[in-house]
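Q: Kindly generate the corresponding structure for this input.
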Amino acid sequence: MLNSKEVAIHAQNLFAAEQSCTPISPLTDSVASLSEEDAYAVQRAGVALRGGRPVGYKLGYTSAAMRQQMNIDHPNYGVLTDAMVIDEEGGSIPFGALIHPLVEPEIALVIGRDVTTPVASRAEMLCHVGAVSAALEIVDTRYTAYRFKAPDNIADNSSAARYVLGPPVPVSRAPDLRLIGVLLWSGGCVVDQGVGASALGDPLLAAMWLANRLLVEGKVLAAGETILTGGLTRAHAATRGASFVGEFASLGCVRASFG
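A: Modelled structure (predicted):
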């Protein structure tokens, strides 16, 4: 296990890489035995360094497409803060503030009721959800390339960088989340497509995985928090001046552009 000083050093190195847009080598290049427990400790320290108000969580690698793309075999989570939220109406994402951003469409859930006990089914998880939104997540690894092991990704806050949310739809008016299709557009063309079931078979099951994982860690998924339930397609590279649109059945469109 890493000691507290080692955790702090790795968190500081990742924070410095993010702030300077100067990527570093994966932590497992020098700490081959880095465990998930160590990685989440580095993540927590890094979130504290970044500041900002925690507003929810992002799930990573809930889709088979993303696990295959990144050679990672199980999901993980990162922490979202208010500094990561991009107002869809407010302009573009500064491309120079990121290292190598990728865009992926996701279904976002807003928790309506605290999850204080283990969740056993999708129906039970649904009772804790207040609203659903179309979303685009912009991920950005602080490593030299998107080639890393699972603990590296966890330590790097699951590559969390920015995200855009569409208007919330009350969960009572949302269709079966498994069946919601999405087209990802860029440059006037459809570059990918997916469906809600790509997120661990159901975005509600993805949220259930997170809620139960947090309970094991002594945390509670709280009312008002947002969950990005995981990419529904492969992640697509952004370039300066590029724009993306996620067109979701029943949830509308959500847009992100890079200046």
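Q: Is Phe15 in contact with Ala48, as I believe?
A: No: counting by CB atoms under 8 Å, Phe15 sits too far from Ala48 to count as a contact (9.5 Å). Where C-beta positions appear, they are placed from N, C-alpha and C, glycine not excepted.
Q: Comparing these two, which residue is more hemmed in?
A: For Phe15 versus Ala48, neighbours defined as other CB atoms under 10 Å are more numerous around Phe15 (18 against 13).
Q: gap between that one and Ala222?
A: Distance, Phe15 to Ala222, using CB to CB, to the nearest Å: 25 Å.
Q: Check Ile154 too.
A: Using CB to CB, Ile154 is found at 21 Å from Ala222.
Q: Tyr40 too?
A: 19 Å.
Q: Repeat that for Pro151.
A: 27 Å.
Q: likewise Ala161?
A: 23 Å.
Q: Who has more neighbours out of these two?
A: Ala161 (22 against 14).
Q: So the more buried one, which state does it fall into?
A: strand (DSSP: H, G, I helix; E, B strand; the rest coil).
Q: who touches it in this structure?
A: Listed by CB atoms under 8 Å, 6 or more residues apart in numbering, the contact partners of Ala161 are Met84, Leu98, Pro101, Ile138, Val139, Asp140.
Q: do the same with Lys149
A: Pro26, Thr28, Leu34, Ile72.
Q: Farthest-apart pair in those, please.
A: Pairwise distances across the contacts of Lys149 (CB to CB) peak at 14.1 Å, for the pair Leu34 and Ile72.
Q: So for the two, which sits in the more crowded spot?
A: Leu34 (23 against 18).
Q: ok, and the closest non-adjacent residue to the more buried one?
A: Once flanking residues are discounted, Leu34 sits nearest to Pro151: 4.4 Å by CB to CB, 6 or more residues apart in numbering.
Q: Test my guess that that neighbour contacts Ser33.
A: No: applying CB under 8 Å, one finds Pro151 not in contact with Ser33, separated by 9.3 Å.
Q: So the two - more neighbours on which side?
A: Pro151 (23 against 9).
Q: ok, Ala235 - how many residues close by?
A: Neighbours of Ala235 using other CB under 10 Å come to 23.
Q: Could you pull out the helices in this structure for me?
A: 4-20, 36-50, 64-70, 122-126, 150-155, 203-216 (DSSP state H).
Q: ranking these by burial, who's on top?
A: Of all the helices of the chain, helix 150-155 carries the top mean neighbour count, a mean of 26, counting by mean count of other CB atoms under 10 Å.
Q: could you give the mean pLDDT of that helix?
A: In this model, helix 150-155 has an average pLDDT of 96.
Q: for the stretch 51-200 of the chain, which spans come out with low pLDDT?
A: 89-91 (pLDDT under 70).
Q: Look up phi and psi at Pro26.
A: phi -50, psi 150 (degrees, to the nearest 10).
Q: mind listing what the most centrally placed residue in the chain touches?
A: Geometric centre of the chain, nearest residue: Lys58, 3.2 Å, by CA atoms, centre = their mean. Listed by CB under 8 Å, 6+ apart, the contact set of Lys58 reads Tyr77, Gly78, Val79, Leu80, Glu137, Ser158, Ala160, Tyr163, Ile227, Leu228.
Q: what about the fourth one, neighbour count?
A: Using other CB under 10 Å, the number of residues around Leu80 comes to 27.
Q: tell me the contacts of the residue nearest to it when sequence neighbours are not counted?
A: Nearest residue to Leu80 in three dimensions, chain neighbours excluded: Gly56, at 4.5 Å (CB to CB, 6+ apart). By CB under 8 Å, 6+ apart, the residues touching Gly56 are Val79, Leu80, Ile111, Glu225, Thr226, Ile227, Leu228.
Q: Scan these and report the most crowded one.
A: Counting neighbours by other CB under 10 Å, Leu228 leads the contacts of Gly56 with 32 neighbours.
Q: Alright, that wraps it up for me.
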